[in-house]
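Colleague: Need a 3D model of the following:
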Amino acid sequence: MDRRKENYKRIFNIGPDARLDAEAKSDLYRSILRQYRRRRSRRMFGYATGIAATFTLFFLLYTNYIAKIPVEPFDIVQTARYNQDAVHVGGELLLVSSVGTSDNTMINALKVDSSNHILKLDEHMTNTDRKEKYATVYVPYGKRQAFVLPDKSTAWLNAGSYLTFRKDMSQGLREVYLNGEGYFDITHTGQPFVVRTAETDINVLGTTFNVNSYEEDSNTIIELLTGGVSLQSTKGLFEGIQMKPGERVSFDSKNKKISINRNANGDDVLWTKRQLVLRQLSIDDLARKLERIYNVKIHLDSELRTLPVAYSGRLNIDVDIVSSLRSLYELNDYEITQIEKEVRIRRK
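Modeller: Next up is the predicted model:
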């Protein structure tokens, strides 16, 4: 304690025999406190300056790093998802294109000329200043539509289907993304053509085939009519398959099962001729298909859902839905009525 006092006297030029009264002690305390505060302020200022400099340097380096990262455009799968979400389901054929934000989404209704039921998509893409690589066509429930793609290939789309395609198919990979059912007649240009779905990639050069791959269903079905295709799983669930004409591949993504029919006879394409082929369909699966085709809501009797009935054969869909359903032998004991877009099947 005496040593500390001697140090204080030496620092503040106080003689060794001098004694401090109360006022002098108070002055000494205030002087020490002022020096402490000045030193702490200088330290805090130094810390703050260092931190600010560090953040400034980090911000400059990060900004420079981000600026050098190339901005990748949406790929076809991302664009398909975005464009599908932008569609407000209705009764019109639509052409959708976007650059990744809702403010830049264009949705145009497509009109079908009664004298030519095939729409040439090149004629409906006049805005060449936009930067997007892909566009999406949507076919509503209750309709079917044929399109000529930019590479002159033809795609027939069934009800409730979306097809996203490259706007420029003149060089490089020709690719489309399908959510729904489509029949394709691919023009041979020497450039590879890929039909992508949620579960499969189908690689072709020039061929005709049918793809049924609604994302709300668990089955993906490909039937090859002419040419050849290579089929791969997008999720690695099965090994690649080289399909030949007359083969039909069915993949159940829910149960992870795949089957190959090597004696297919083109029945899957009959929807383009207003015929629906049934293969061991449950009443719920049949109702879902007919809801898309006729753009209606089907209400089933609860008892009907419990019957162990699997529907097979052909169903004429070139007539109204009530007439089509009444042609099913299994529904003879049920009353089928329609009021506008509501169809009810009840026990008589």
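
Colleague: In a strand, residue 272, correct?
Modeller: No: under DSSP: H, G, I helix; E, B strand; the rest coil, residue 272 sits outside any strand and is assigned helix.

Colleague: Just the element for residue 83, please.
Modeller: helix 76-86 (DSSP states H and E).

Colleague: what does the following helix or strand past that helix rub up against?
Modeller: Along the chain past helix 76-86, the next helix or strand (assigned with DSSP H and E) turns out to be strand 93-97. Contact partners of strand 93-97, identified using C-beta atoms under 8 Å, 6 or more residues apart in numbering, comprise 83, 86-87, 105-112, 119, 121, 124-125, 130, 132, 134-140, 143, 145. Every C-beta, even on glycine, is put in place using the N, C-alpha and C of the backbone.

Colleague: Could you rerun that using 6 Å?
Modeller: Here strand 93-97 makes contact (C-beta atoms under 6 Å, 6 or more residues apart in numbering) with 83, 86, 106-108, 110, 124, 132, 135-138, 145.

Colleague: helices or strands next to the helix holding residue 83 in the packing?
Modeller: Contacts defined by 3 or more C-beta pairs under 6 Å, 6 or more residues apart in numbering; DSSP states H and E place helix 76-86 against strand 134-139, strand 161-166, strand 174-185.

Colleague: how about the ones you listed in JSON lines, adding mean pLDDT?
Modeller: Below are these laid out as JSON lines (pLDDT from 0 to 100):
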{"stretch": "strand 134-139", "mean pLDDT": "95"}
{"stretch": "strand 161-166", "mean pLDDT": "96"}
{"stretch": "strand 174-185", "mean pLDDT": "97"}
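
Colleague: would you turn the ones you listed into TSV with mean neighbour count?
Modeller: TSV is the format used below for these (neighbours: other C-beta atoms under 10 Å):
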stretch	mean neighbour count
strand 134-139	25
strand 161-166	24
strand 174-185	24
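
Colleague: got JSON lines for these, with distance to residue 293 too?
Modeller: Formatted as JSON lines, these follow (distance: least, C-beta to C-beta, whole Å):
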{"stretch": "strand 134-139", "distance to residue 293": "11"}
{"stretch": "strand 161-166", "distance to residue 293": "11"}
{"stretch": "strand 174-185", "distance to residue 293": "10"}
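
Colleague: Which among the ones you listed is found nearest to residue 329?
Modeller: Closest approach to residue 329 among the helices and strands packed on helix 76-86 is made by strand 174-185 (26.0 Å; C-beta to C-beta).

Colleague: circling back to that earlier point, centre of the chain versus the helix holding residue 83, how much separation?
Modeller: 5 Å (C-alpha atoms, centre = their mean, to the nearest Å).

Colleague: Residue 233: which of the helices and strands packed on helix 76-86 is closest?
Modeller: Minimum separation from residue 233 across the helices and strands packed on helix 76-86 (C-beta to C-beta) falls at strand 174-185, 15.5 Å.

Colleague: contact partners of that closest one?
Modeller: Outside strand 174-185, the residues that reach it (C-beta under 6 Å, 6+ apart) are 76, 80, 151, 154-158, 160-166, 191, 193-197, 208-215, 269, 272.

Colleague: buried residues in stretch 199-207?
Modeller: Under the neighbour-count criterion of 16 or more other C-beta atoms under 10 Å, stretch 199-207 has 199, 200, 201, 202, 203, 204, 205, 207 buried.
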